[in-house]
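> Have a look at this fold, sequence not included:
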């Protein structure tokens, strides 16, 4: 069954606009979360707020345990067995690696350049050498193209050659893509003798182009033949053969692995083997790819749902942009070692951990911040005493000072975004003084994935004055004192409580609730678990006005759709691409503010249409690596398209009960029924006008349950939690 594209798009858009926008921003009186413990609405409300969405059977399980006991268990994730999730994460090796190991095993272009220039040795591990050799071949090819472009710049054909070089630039945005033809040819040229350059230069340009093209065709034909031979081998032997190939041959093979050939080549290989082959083409992409896959798998499958929700909350609050240089190497450790262990602990511990995190230090440039009167800024060389310990630097009067190097990025975001809020009562002077306090908080060997280091020679000497308090000279201790004052400030308590209430209650939470949470924050010394307990046991949390009052972010929508349908995810990479399309790439918020949690950011006609398209693709099995059994949702053995006596209204009611749980509005129900009935009657169907009348399909269509389920997932009721 196929619906005319124009008509179907119009129906989806009308459903999104006419139904979704007003209802998403409004609270329905018919949707209630009763305080009665036996009411399923109470369990559903708790699941919608403390998890990434209920799965089939979750409501009944929570009711059987008791909502309050279930909430208490979620507040103590260490008591919950999550071994099933750990088994899914096992193939993602980088999740368990240190930043230093990641930097070594998944080199970026800067690392490859240092190896090529002899500043770093080639790794001895044969598997890792393949990654480095391939990247070296690619880098050499680029450099040779640049040199060739420079040589041709003075000739009359320079404009044509320039455009040719530009067109030859690689476009490998996907790991499935290989290198382009000219790269392979350039790598092959690198093995020729030194006289080849002069010979080529003396050859007329058309002849050179013909020669290059012939060589390219010959090399590609050879690579295609070799690829077919490799595909006929068992996976382990195929893998060993690849390791023994020359770098030039590997580059040629990569060009043959375009499209679906890569998946065929990886078929049957062990996870580590697949990882290495993907790293050959894009080393740092493997790291970020496994990180995003893990985030999605945790959101979908973890039993410790509140811990996942809070980890996501804090990594957004203390935002770091993964694509800022070395943060690609450091982000894995940032989430694993800094955010996750403190997600339900003491706020001050979390604040200190983020301040010392290499990922945060690099993202906000504090690792380079140097005090204007520090020994390093004044050019004073280090002095060493007994046992190699440095003496404190002695200022030299009338010495020419270097440029300050003081960076205020972290100081400003620490006050504005991490603790006090933009209206927290601080001044520009406070920002500058805080920046001075944190001079010397840097990274040891950042390019190698190094750890936090306090460097006294970069630290601004003398006392500081922050928020009305004198900070005595104390080196690294100055920063710890400022962090303690900020973590115990009433303004911080209010700001953090407000953001938590916005995440779990509504975009405009009741002031009384925020005040009560802030009181708990101060009394319990920033214990996040205690603050959340106050929130979850408040009357405001269970108030009817706040039931389904929150609009899901793209991550919450995608994860909740997969959980609601009981989807089986074999490959989470396509799901991360869907989030990119919805405007929420994971770890991809560039500004320090992170992503907004409020409805106004995510509610628009185009955004809702993207969600609807995703929902329909999900239920119809068109998202690679994800399987949905519609039959389980309907309680039948039928899947997808159903022929027979099953009527659409009954099937829609069944799906509403299994996917939405609390039902849908009459407007949503009628809109979906109109679409389904029109489709069954053949409206909007494409017909072959050249086919004879007796072969044209003008009869009633079977019931498409997959489309019905997709429309429900794209409905306004499912967009709210």
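Thanks, I have it. Quick caveat, the model's predicted, so the values are computed rather than measured.
> in the stretch 551-700 of the chain, which spans are strands?
With strands called from DSSP state E, counting those that start in this stretch, the stretch 551-700 of the chain shows them at 568-569, 626-627, 641-642.
> just the chain next, same as before
With DSSP state E as the criterion, the chain has strands at 441-443, 452-454, 464-466, 469-471, 568-569, 626-627, 641-642, 703-704.
> Of the ones you listed, which is nearest residue 650?
strand 703-704 (10.0 Å; C-beta to C-beta). Every residue, glycine included, has its C-beta placed from N, CA and C.
> Would you quantify the distance from the residue most central in space within the chain to residue 293?
Centroid-nearest residue in the chain, with C-alpha atoms, centre = their mean: residue 586, separated by 2.0 Å. Look at residue 586 and residue 293: by C-beta to C-beta, to the nearest Å, they are 9 Å apart.
> same question, residue 94
10 Å.
> Which residue of the two possesses the greater neighbour count?
residue 293 (23 against 20; other C-beta atoms under 10 Å).
> Excluding chain neighbours, give the residue nearest to that one in space.
residue 572 (4.1 Å; C-beta to C-beta, 6 or more residues apart in numbering).
> one step back: ranking the strands of the stretch 551-700 of the chain by mean pLDDT, which is last?
Note on the strands of the stretch 551-700 of the chain: strand 641-642 shows the lowest mean pLDDT, a mean of 51.
> tell me the contacts of residue 531?
The contact partners of residue 531, taken as C-beta atoms under 8 Å, 6 or more residues apart in numbering, are 496-497, 500, 517, 520-521, 524.
> ok, 10 Å please
344, 347, 493, 496-497, 500-501, 516-524 (C-beta atoms under 10 Å, 6 or more residues apart in numbering).
> What ranges does the stretch 301-450 of the chain have for its helices?
305-317, 327-333, 347-356, 358-363, 375-378, 409-413, 428-437 (DSSP state H, counting those that start in this stretch).
> now those as TSV including distance to residue 615, mean pLDDT and mean neighbour count?
Formatted as TSV, the helices of the stretch 301-450 of the chain follow (distance: least, C-beta to C-beta, whole Å; pLDDT from 0 to 100; neighbours: other C-beta atoms under 10 Å):
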stretch	distance to residue 615	mean pLDDT	mean neighbour count
helix 305-317	21	98	22
helix 327-333	29	96	25
helix 347-356	35	98	21
helix 358-363	34	98	26
helix 375-378	56	93	20
helix 409-413	36	98	21
helix 428-437	45	98	20
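> Now do the same for the closest residue to residue 350 other than its chain neighbours: its pLDDT.
Residue nearest to residue 350 in three dimensions, not counting chain neighbours: residue 342, with 3.8 Å by C-beta to C-beta, 6+ apart. What the model reports as pLDDT for residue 342 is 98.
> Could I get the contacting residues of the residue nearest to residue 135 when sequence neighbours are not counted?
Leaving aside its chain neighbours, residue 135 sits nearest to residue 112 (4.4 Å; criterion: C-beta to C-beta, 6+ apart). Listed by C-beta under 10 Å, 6+ apart, the contact set of residue 112 reads 120, 131-136, 138-140, 283.
> now the residues you listed as CSV including neighbour count and pLDDT?
Converted to CSV, the contacts of residue 112 look like this (neighbours: other C-beta atoms under 10 Å; pLDDT from 0 to 100):
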residue, neighbour count, pLDDT
120, 17, 86
131, 23, 86
132, 21, 87
133, 21, 84
134, 24, 83
135, 24, 85
136, 20, 86
138, 25, 78
139, 16, 80
140, 18, 79
283, 25, 91
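> show me what contacts the closest residue to residue 498 other than its chain neighbours?
Spatial nearest neighbour of residue 498, excluding adjacent residues (C-beta to C-beta, 6+ apart): residue 514 at 5.1 Å. Residues in contact with residue 514 (C-beta under 10 Å, 6+ apart) are 493-502, 505, 535, 540.
> Now with 6 Å, please.
Residues near residue 514 by C-beta atoms under 6 Å, 6 or more residues apart in numbering: 497-498, 501.
> a markdown table for those, including neighbour count?
Putting the contacts of residue 514 into a markdown table (neighbours: other C-beta atoms under 10 Å) gives the following:
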| residue | neighbour count |
| --- | --- |
| 497 | 24 |
| 498 | 18 |
| 501 | 26 |
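> Now, these that are in helices?
Among the contacts of residue 514, the residues falling in helices (DSSP state H) are 497-498, 501.
> Straight-line length of stretch 320-333, end to end?
Stretch 320-333 has its terminal residues 12 Å apart, counting by C-alpha to C-alpha, to the nearest Å.
> From the chain's centre, how far out is that stretch? Work that out for me.
11 Å (C-alpha atoms, centre = their mean, to the nearest Å).
> Go ahead and name everything in contact with that stretch.
94, 99, 102-103, 284, 288, 291, 358-360, 362-363, 446, 449, 587, 590.
> rewinding a little: now list the buried members of the contacts of residue 531.
344, 347, 493, 496-497, 500-501, 516-522, 524 (16 or more other C-beta atoms under 10 Å).
> Mind listing residues that contact stretch 414-429?
Applying C-beta under 6 Å, 6+ apart, the contact partners of stretch 414-429 are 486, 491-492, 495, 592.
> Which one of the residues you listed is nearest to residue 236?
Nearest to residue 236 among the contacts of stretch 414-429: residue 592, at 46.8 Å, using C-beta to C-beta.
> pLDDT weak spots in the stretch 101-250 of the chain?
152-209, 212-213, 215-221, 223 (pLDDT under 70).
> Do a quick rundown of the helices in it.
Under DSSP H, counting those that start in this stretch, the stretch 101-250 of the chain gives helices at 109-116, 126-152, 158-167, 181-189, 195-202, 205-231, 235-244, 247-256.
> Now for residue 471: which residues touch it?
Residue 471 makes contacts with 464, 478, as judged by C-beta under 6 Å, 6+ apart.
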